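Q: Build me a structure from this.
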Amino acid sequence: MHILNTAKKSLGQNFLIDKNIINKIIKIGNIDKNKIVMEIGAGYGNLTKSIIAMKPKKIFAIEKDKKLSFFLKKKFKKNKKVKIINRDILEIIEENN
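A: Numbering: from 1, shown residues only. Below is the predicted model of the structure:
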């Protein structure tokens, strides 16, 4: 994995790399072809990649960090089901209240 930057404490970043934890999240998520998934804080896309393998209808990966968002857009550019959104989820929630 190419490290773009270290975790930014100001953004509360913690990067998910443990495959056992990723597998547990995927299992609990009960993802199938009829589901639309929103991943908040996609980081380097490790969980996103596993979500893709479950073949959901659509994935919205929200990432606040501009560099990571750009990285994710390049990483998943060939997958039309994945939409990378470079925004703060709290701002999105606030706009929709």
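Q: the strands in this structure, which residues?
A: 36-40, 58-62, 82-85 (DSSP state E).
Q: Using a markdown table, lay out the ones you listed together with mean pLDDT.
A: Shown next, in a markdown table, are these (pLDDT from 0 to 100):
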| stretch | mean pLDDT |
| --- | --- |
| strand 36-40 | 96 |
| strand 58-62 | 97 |
| strand 82-85 | 98 |
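Q: Can you lay out the ones you listed as a markdown table showing mean neighbour count?
A: C-betas here are computed from N, CA, C, even on glycine. Formatted as a markdown table, the strands of the chain follow (neighbours: other Cβ atoms under 10 Å):
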| stretch | mean neighbour count |
| --- | --- |
| strand 36-40 | 15 |
| strand 58-62 | 18 |
| strand 82-85 | 20 |
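Q: which stretches of this structure aren't confidently modelled?
A: Counting by pLDDT under 70, the chain has low-confidence residues at 1-16.
Q: middle-most residue in it, spatially?
A: A42 (2.6 Å; Cα atoms, centre = their mean).
Q: Got the phi and psi for the residue lying closest to S69 once chain neighbours are set aside?
A: Distances taken as Cβ to Cβ, 6 or more residues apart in numbering place N86 nearest to S69, at 3.7 Å, with adjacent residues excluded. Phi and psi for N86, reported as degrees, to the nearest 10, are phi -90, psi 80.
Q: burial count for N86?
A: 16 (other Cβ atoms under 10 Å).
Q: ok, the closest residue in space to E39 that isn't next to it in sequence - contacts?
A: The spatially closest residue to E39, leaving aside those adjacent along the chain, is A61, at 4.7 Å (Cβ to Cβ, 6+ apart). The neighbourhood of A61, defined by Cβ atoms under 8 Å, 6 or more residues apart in numbering, consists of 38-39, 42, 45, 48, 72, 76, 82-85.
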